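Undergrad: Kindly return the folded structure for what I paste below:
(2 chains)
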Amino acid sequence: MWKMVNASVAPDMIGNLPGSLAEALPILVCAITDGRVTWINEAGMKILGAKASGDVVGLPFESLLAQDYRYLAMDGLNDWLSEREPLSLRMTQLTGLELDVEATVRPFENGCSTLLVAQDITEKRRAALALLERERRISAVLDNVADGIIEFDEKGKILSFNASAESIFGYTADETLNTSIETLLSKSKGKTVEGWLLDNGQVPVTGSRVRSDDLFAMQKDGGIFPVTFTLREIATGSGTRYIGAIRLQTERETLEQAFLDTAARFRDLAESASDWFWEMDADLRFTYLSERFSQLTLLPSSQVLGKTRMELVSNTDTALIESHLDDLRNHRPFRDFTYPIRLSSGSIGHFRVSGKPVFDSTGAFKGFRGTGRDVTSEIDAQNNARAAESLLVDAIESIGEGLVIYDAEDRLVRTNSRYNDIYIEVADYLAPGLPFEEWMQALADHGMVVCRTGSVEDWFAERRKHRLERKDSLEVELRDGRWIRLSERPIRTGGTVGVHTDITKLKHAELTLRQNAEQFQNLFEGSIQGVVIHDRFNPLFINKALARTFGYDSPREVLRLNSIEPLIAPHELERVARINSARIANEHVPTHFEFQGIRKDGTLIWLENTSSVIDWNDQNVLQSVMADITVRKQHEQALRESEIRLREVIDNAPMKIALINSEGRYVLVNSLFARALKQHPEAIKGRAATDFGSGPEAELEAAENRQVVETGQILHRDLDTEGPEGRRFEQVTKFPITGANGLTEDVGVMITDLTEQKQVESHLRESQKLNALGQLAGGVAHDFNNLLMIIGGYAKRAWANSEDPSLVKSTLTEVVTAADKAAALTKQLLAFGRREVLETKVFRASDVLHEMHTMLHPLLGETIELKIDVTDETPCVEADASRLSQALVNLAINARDAMPSGGPLHIRLEAANPSDELLLRQGINGDGHFMKFSVEDKGTGMSPGTMARIFEPFFTTKEQGKGVGLGMAMVYGFVQQSGGVIDVASEIGTGTTISIFLKRVEKQPAVVTQLAPSLASSSGETILLVEDDAALRRLAHLTLEELGYNVLVATDGMDALEVEGEYDGQIHLLLSDVVMPVLGGIELARILKQTRSDMNVILMSGYPARGDNHDVLEPDEFPLLRKPVALEALAEAVRDSLQSRAVNAPGVSSANN
Amino acid sequence: MMEIKDLRVFVVEDNFQAMNLVKGMLSDLGISQVYTAKDGGEALSFLGNCDDLLDLVLCDWNMPKLSGLDVLRQVRTVDPDLPFIMITGTADSDSVIAAKTSGVTAYIAKPFSQDELKRKLKLILRLINARASIT
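TA: Numbering: from 1, shown residues only, chains lettered A, B, ... in the order given. From the prediction side, this is the model:
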């Protein structure tokens, strides 16, 4: 029905539409002329809120626009005509309400007027906004979900990636979009992605809509960690989608991250296409389609005209189509039939059409007319939004925690099934719209909650407080023993999302843990040893002692290192790790081992580690107890070093050292000791001392060792051995070594080689002798000068009175007497000067004293009154007489020095035995009788201290330069060697008596025959005279020539050899000095005797036979004359020799020689 | 019995011409085993390593650094019996006494003839042979 508002403008046709069609449209259609509305259809009036067309017609069109849009129409609507797309406008109703429209403007009535078609899209926009709002709310929910949510398609391509996923994987959402889900899964660990994703990357979820697996995920930085991957398949309008919820298995804390904003994927639904108009005939075939249709479908009208709608529909939803066909066949008007259509682009579009049957004036059915609208975007958006909502709901459902959402008014919006499960007993209350307070009341009414204070009100207060403060989390205990942890977060749009987790198991575990921890406290914290429980160096527990050991302030500080590797010295790390692994693997490794650790300050320490495998939350981990043994190590080291040092000292000591234990085995020997046994030191260790010797010597050794162990006393013994290296003097010292128990356990043996010391002593004795000789010479010179004066004086007297024979004779008698005295004096000197112990001989003891008198008198000086007493002339002793003289001279000189201003000096010889104590002390066998030589002075005397030391070498009380302190040592040495005893008695201020006891012998001295003082004449024999002293040579030469001998003279041995070699005649006698350089008399005689065997030999010597190779006389080899030789004695000896030769070897034999 | 030609002689002489002269004389006497040193140091290092190679040392007295007397003293510390003939130019009595007490076996004065050398060698040879037969 056309409702004509104004006859003058009532159009028959509007544009190229019949006016009635415009009237039938559910949209605003109005005509505008000169800026004023001249006509409006019924739907338009409703839209603008007008009751009658008159309310609108005549109004300026501008006034129908909202204030902000009016400027668009100020210059008329001609500008709008050129717009091809619908214009978005905001119109204002007569009631003042504003509404959004899409408007199209077309020229009308040959351009005099304008036709405006507008569609109200206010509701559509509101619906879209509501949809967005809902999505935002759900997004906010997901923002609070701790799980990583990843959406991907059936190819595995990632479509969305929420904030939790970002934090879990370390990727940003943008980085992952369009990449494959495979990149997030570890291919190398645990259950592999194989079986999850097929080769082509497709996800085989088929068969079950939800699956959940424990997998290993891989972070952007390569970190691999275990996750629970819950996968849900969702069919959407654009294909299958998968929602994966990733939960860190290790993470049970907060749920903070929300779903990624998926809004980008949702298109704006607010806008949709404008409508088009259509007409179909009685056969339901299209006869008319407005231009808009072609614009939308890109199908030319010609292709569509003549076809039925069913031919365009691509859907096979026959029920819908049948219903529509039913309307058409029965000529019923229809509204909003929506159908899919395949567009020429190939994609599916959605059209929504409304239509009305048209009858002619006869009432006959002519066809349908109506409008069509492209609702593709709207349908897609709805589909997408539905998919998104279902997706989000699914995501919420797939979360393991209970989830509850309240709106801004604190009314329940939604819970997930897990939430309902937690509160299953009161789940019936959980309908959307339930106020939070009522929910609390319900929980309280059903006695679900445990109120610690007993008051429900208190519980409410606590619960409300938490909800307002939104602290981290709240743990709530339920009556049935369960524990729920809840955390609540605000949603951006207002409202709250709560996550409720059943932590009962966790709580129980915590409780157990706490109990365990208490046990640990008791067990380990009290321990002074460090304890660490660790899983491959990852510390799980550390006690204070351990932290302290490594210089950390607290166990927590060590735990924060996340590894105990920094506690282990780098060079030890590999070894410790290897031992630990072996220990975990139950392989056979020591439970104890030592290693070096590092303290916090970097210092190295030594630790003793004891490891055991323990169970820790069903895992085999190591419990290591570590004791700091640095000090012990240092002590060990110091001990080792000290031992090495001692060892060096012992090894380098210039003596043999050994340690023998109580079983008689060597514990330690030094290299000298080992060398003496011709063994390596190590080869000797542990062997019995008796292994290296046998017989009486070994028995003595063993007995000594026992004695030392038993008495604990030091023992000395001298050892005099003859070996391949010559004679050696050694001193053995054995000393007890006391063990920790205070008892003697071992015997230390030190053997000092005194051979060289003895040699040095010998040399010193020699030098002392020379020293004494020098002193003697000084004294003797005085006597000699006296004698020379006598000789010289009488000789001059004789020379002056040569005519008086009796005077000459008497004076020469004096000369001869004086010469005899001088000879006796030099003989004494020479005896004293003998270099070595020649031989001990038996002599009459009194002879020594008598001989000494002449010598001592000048030596002692005029102030000393020398008195020599001999009580018994006959007894003999066996010793070295010259050394005895020397000893007595030494004692006499000391006595003289003790009396600086003179006094009596008494030398005695008597038969007397030493005391037993003296014999014992000096280790001398006291059998038999002794002769006592004593030297007594009345001098200053000695203190006991001095007396104790007088026999020490180099000990002297004399001032510098007067003595070297060897005299008494030599005396002592002589007495000891002679098997005698020496005794000292002295008192300060009274004087000193020193006595020498020598054993008396019954043997008698050899008798020396004296030559008769008569000169013998010669028979002209040839004598080879060899003498290196020119004066003596000359004297002897002249004497022998005077006696009628033929004398060949040689200056020394070599000269004699030369002279003899050049002399062709017979030499009857060799008269030679003994001591000559190169070729001495003895050797010369032997050489000459080789070619002149009949030659006799007489040797002369001022010295005893020397101790070198060629100068030792065999017994009875050649006769020896002692110098000085009186000329008579010489002549006699020559004569005797030549005469015996004449008897024993006749001259004939020599001629034949 | 050893003969002159068998003698193993060590000649120490710093003068090149004198050395050649001595070597020539020894060669004429049929002695082929002749060792030489041109100074005291060289002589001592040879003597330290020669063991019992030598029968006789013929040594010039007057040499720079180590004199013949120094060489003699060194020889005597090792071998008191090795015959040692000192070749002298001029020598004072003190030096001769020092040499004697140090154990020189014989002297031969420069200039000397081959006969004189031969006589000294015969003397030494006698000493050597006598000692050999005694021991």
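Undergrad: Is it correct that residue A:460 is in contact with residue A:443?
TA: No. The pair residue A:460 / residue A:443 is not scored as a contact, 9.8 Å apart, by C-beta atoms under 8 Å. Yep, even glycine has a C-beta here, placed from its N, CA and C like the rest.
Undergrad: more neighbours, the two?
TA: residue A:443 (22 against 17; other C-beta atoms under 10 Å in any protein chain shown).
Undergrad: three-state assignment of that one?
TA: Secondary structure, DSSP: H, G, I helix; E, B strand; the rest coil: residue A:443 is helix.
Undergrad: Which residue is the nearest non-sequential neighbour of it?
TA: residue A:449 (5.4 Å; C-beta to C-beta, 6 or more residues apart in numbering or on different chains).
Undergrad: do residue A:433 as well
TA: Using C-beta to C-beta, 6+ apart, the nearest residue to residue A:433 is residue A:411, at 5.1 Å.
Undergrad: ditto for residue B:127
TA: Residue B:127's closest residue in space is residue B:83 (C-beta to C-beta, 6+ apart), at 6.3 Å.
Undergrad: tell me the contacts of that neighbour?
TA: B:55-57, B:105-106, B:124, B:127-128 (C-beta atoms under 8 Å, 6 or more residues apart in numbering or on different chains).
Undergrad: Mind checking which of the residues you listed are in helices?
TA: B:124, B:127-128 (DSSP state H).
Undergrad: closest to chain A among these?
TA: Comparing the ones in helices among the contacts of residue B:83 against chain A with C-beta to the nearest C-beta places residue B:127 closest, at 6.8 Å.
Undergrad: re the thing from before, including pLDDT and neighbour count, could the ones in helices among the contacts of residue B:83 go into a markdown table?
TA: Listed next are these as a markdown table, based on pLDDT from 0 to 100; neighbours: other C-beta atoms under 10 Å in any protein chain shown:
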| residue | pLDDT | neighbour count |
| --- | --- | --- |
| B:124 | 90 | 23 |
| B:127 | 87 | 23 |
| B:128 | 88 | 19 |
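Undergrad: the bottom helix or strand of the chain by mean pLDDT?
TA: Because you didn't say which chain, this covers chain A. The helix or strand of chain A with the poorest confidence is helix A:1147-1152; it has a mean of 35 (mean pLDDT, DSSP states H and E).
Undergrad: looking at chain B here, not the other one
TA: Ranked by mean pLDDT, DSSP H and E, the weakest helix or strand in chain B is helix B:93-102, scoring a mean of 72.
Undergrad: Which residue does chain B have closest to chain A?
TA: For chain B, C-beta to the nearest C-beta, closest residue to chain A: residue B:130, 4.0 Å.
Undergrad: quick one: that residue is in a helix?
TA: Yes. Residue B:130 sits within a helix when classified using three-state DSSP.
Undergrad: quick one: low-confidence parts of the stretch 651-800 of chain A?
TA: Scanning the stretch 651-800 of chain A with the threshold set as pLDDT under 70 gives A:694-695, A:765-783, A:785-786.
Undergrad: The same query, at a cut-off of 50, please.
TA: Nowhere does the stretch 651-800 of chain A drop to pLDDT under 50.
Undergrad: Mind jotting down where the strands sit in it?
TA: Counting by DSSP state E, counting those that start in this stretch, one finds strands in the stretch 651-800 of chain A at the ranges A:655-660, A:666-669, A:715-723, A:726-738, A:744-753.
Undergrad: likewise chain B?
TA: All strands of chain B, identified by DSSP state E, fall at B:8-12, B:33-37, B:56-60, B:84-88, B:106-109.
Undergrad: same question, the stretch 1001-1150 of chain A
TA: A:1022-1026, A:1046-1050, A:1069-1073, A:1096-1101, A:1120-1122.
Undergrad: Reformat these as TSV; add mean neighbour count and distance to chain B.
TA: Putting those into TSV (neighbours: other C-beta atoms under 10 Å in any protein chain shown; distance: least, C-beta to the nearest C-beta, whole Å) gives the following:
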stretch	mean neighbour count	distance to chain B
strand A:1022-1026	24	14
strand A:1046-1050	18	12
strand A:1069-1073	25	14
strand A:1096-1101	23	15
strand A:1120-1122	16	19
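Undergrad: got JSON lines for the ones you listed, with mean pLDDT too?
TA: Putting the strands of the stretch 1001-1150 of chain A into JSON lines (pLDDT from 0 to 100) gives the following:
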{"stretch": "strand A:1022-1026", "mean pLDDT": "93"}
{"stretch": "strand A:1046-1050", "mean pLDDT": "92"}
{"stretch": "strand A:1069-1073", "mean pLDDT": "92"}
{"stretch": "strand A:1096-1101", "mean pLDDT": "88"}
{"stretch": "strand A:1120-1122", "mean pLDDT": "79"}
